[in-house]
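K.L.:
this one's structure only:
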């Protein structure tokens, strides 16, 4: 690391090598270790590791900066996703209303890239950081605390700062109830049960939706087994393969299908588009995300629209109020019926 052709070493890398926390490493490299009561031997060890690996303690720990840069940052997993692109658009509008210049970067759900981007934003002395959909919010929060950078979490919660998220449980329960209400009751046994596809049970939002799906089935008196949840992750390719396997095993589409988010839905659609129209006669499909182009598909889709504008507006209210406590605010999503489009706040722009 730190040499040509290799990734630049980060504070997180030094923490892993030294066995110290990222905040301890940051203090040792910023001459702040005595105030933190860090032992001289520990500080020397960290500096030695940093030097051996080519780390340059440039602007990383500007936690003591006094001047405002006028920059506010947002990191998110992807740009090519209507939910996250809507978050980004709302973030830019709210930031500019307050005189900030927004800086937005995608991480591709790569934990190492998340750390690198946050360190880079810290080096540019951003005044505030919004962390959306992070895979490892604890690590990013530790970096922000070490740099004394005010931050909050959107979409997925963190432990050390305010969080604004969708009410994933209630939204998933509503969507599941709608799927159940439309399912036929006289199908053969193999296809009569609803299935959930996409997401990971280790992620907060997906875990809430999976739990709501199972508990809603049980509350309706419908037998539920863990095999009805297929945690295929977030890639379209993974969802496409899993829905093909499921349809082959069942002999067709299940009576009900709950797709966890828009990217897995893209994969599901890539398979379903190859099916004849009669394949959808006995199935009800729902997606916990929204895209207006779904209204033009050959089959109806119930979509749960996350209110990205309210998520960002609520987050900026916390910024305006100077809230630093690790509170959790939940914003209700909205069920969009099939063949319906929703008028976005920025639909007149472009």
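P.N.:
Yes, it's here. For clarity, every value in this text was computed on a predicted model and none was experimentally measured. Numbering: from 1, shown residues only.
K.L.:
the helix or strand bottoming out on mean pLDDT in the chain: how far from the chain's middle?
P.N.:
One helix or strand of the chain scores below all others by mean pLDDT, DSSP states H and E: helix 22-29, with a mean of 80. Centroid separation between helix 22-29 and its chain, computed with Cα atoms, centre = their mean, to the nearest Å, is 28 Å.
K.L.:
which strands and helices sit next to that helix?
P.N.:
For helix 22-29, the helices and strands in contact under the criterion 3 or more Cβ pairs under 8 Å, 6 or more residues apart in numbering; DSSP states H and E are helix 11-18, helix 40-52, helix 137-146. C-beta: built from backbone N, CA, C; applies to glycine.
K.L.:
quick one, phi/psi of the residue sitting nearest the centre point of the chain?
P.N.:
Centroid check for the chain by Cα atoms, centre = their mean gives residue 133 as the closest residue, at 2.3 Å. Main-chain torsions, residue 133, degrees, to the nearest 10: phi 60, psi 30.
K.L.:
touching, it and residue 76? I think so.
P.N.:
Yes: using Cβ atoms under 8 Å, residue 133 is in contact with residue 76, at 5.6 Å.
K.L.:
any residues in contact with both of the two?
P.N.:
Common neighbours of residue 133 and residue 76, using Cβ atoms under 8 Å, 6 or more residues apart in numbering, are 84, 155.
K.L.:
what sits up against stretch 34-41?
P.N.:
Under Cβ under 8 Å, 6+ apart, the answer for stretch 34-41 is 24, 27, 28, 33.
K.L.:
and if we set it to 10 Å?
P.N.:
Residues outside stretch 34-41 that contact it (Cβ atoms under 10 Å, 6 or more residues apart in numbering): 20, 23-28, 30, 32-33, 43, 45-46, 146.
K.L.:
returning to what we had before: just checking, the residue nearest to the centre of the chain touches residue 163?
P.N.:
No: using Cβ atoms under 10 Å, residue 133 is not in contact with residue 163, being 11.8 Å away.
K.L.:
can you list residues touching both of those two?
P.N.:
With Cβ under 10 Å, 6+ apart as the test, residue 133 and residue 163 both reach 153, 154, 155, 156.
K.L.:
next up, the contacts around the third one.
P.N.:
Read that as residue 155. 76-77, 83-84, 87, 130-134, 163-166, 168, 204-205, 306, 308, 311.
K.L.:
please, which helix or strand holds residue 318?
P.N.:
Under the criterion of DSSP states H and E, residue 318 resides in helix 308-321.
K.L.:
got a list of what residue 320 touches?
P.N.:
Contacts of residue 320 by Cβ under 10 Å, 6+ apart are 94, 98.
K.L.:
show me the shaky parts of the stretch 151-300 of the chain.
P.N.:
Low-confidence segments of the stretch 151-300 of the chain (pLDDT under 70): 188.
K.L.:
where do the strands sit along it?
P.N.:
When assigned using DSSP state E, counting those that start in this stretch, the strands of the stretch 151-300 of the chain occupy the ranges 151-154, 163-166, 194-197, 229-230, 256-259, 284-287.
K.L.:
any chance of a markdown table for the ones you listed, columns mean neighbour count and distance to residue 115?
P.N.:
Listed next are the strands of the stretch 151-300 of the chain as a markdown table, based on neighbours: other Cβ atoms under 10 Å; distance: least, Cβ to Cβ, whole Å:
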| stretch | mean neighbour count | distance to residue 115 |
| --- | --- | --- |
| strand 151-154 | 27 | 14 |
| strand 163-166 | 24 | 19 |
| strand 194-197 | 24 | 30 |
| strand 229-230 | 20 | 30 |
| strand 256-259 | 27 | 30 |
| strand 284-287 | 26 | 31 |
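K.L.:
JSON lines for the ones you listed, including distance to residue 216?
P.N.:
Formatted as JSON lines, the strands of the stretch 151-300 of the chain follow (distance: least, Cβ to Cβ, whole Å):
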{"stretch": "strand 151-154", "distance to residue 216": "26"}
{"stretch": "strand 163-166", "distance to residue 216": "17"}
{"stretch": "strand 194-197", "distance to residue 216": "10"}
{"stretch": "strand 229-230", "distance to residue 216": "12"}
{"stretch": "strand 256-259", "distance to residue 216": "10"}
{"stretch": "strand 284-287", "distance to residue 216": "12"}
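K.L.:
out of the ones you listed, which gets nearest to residue 326?
P.N.:
strand 163-166 (7.2 Å; Cβ to Cβ).
K.L.:
in terms of secondary structure, what does that closest one contact?
P.N.:
strand 128-132, strand 151-154, helix 204-219, helix 308-321, strand 328-331 (3 or more Cβ pairs under 10 Å, 6 or more residues apart in numbering; DSSP states H and E).
K.L.:
what angle do the fourth one and strand 128-132 make?
P.N.:
Same thing as helix 308-321. Here the directions of helix 308-321 and strand 128-132 differ by 150 degrees (axes from the mean of the first three to the mean of the last three Cα atoms, to 10 degrees).
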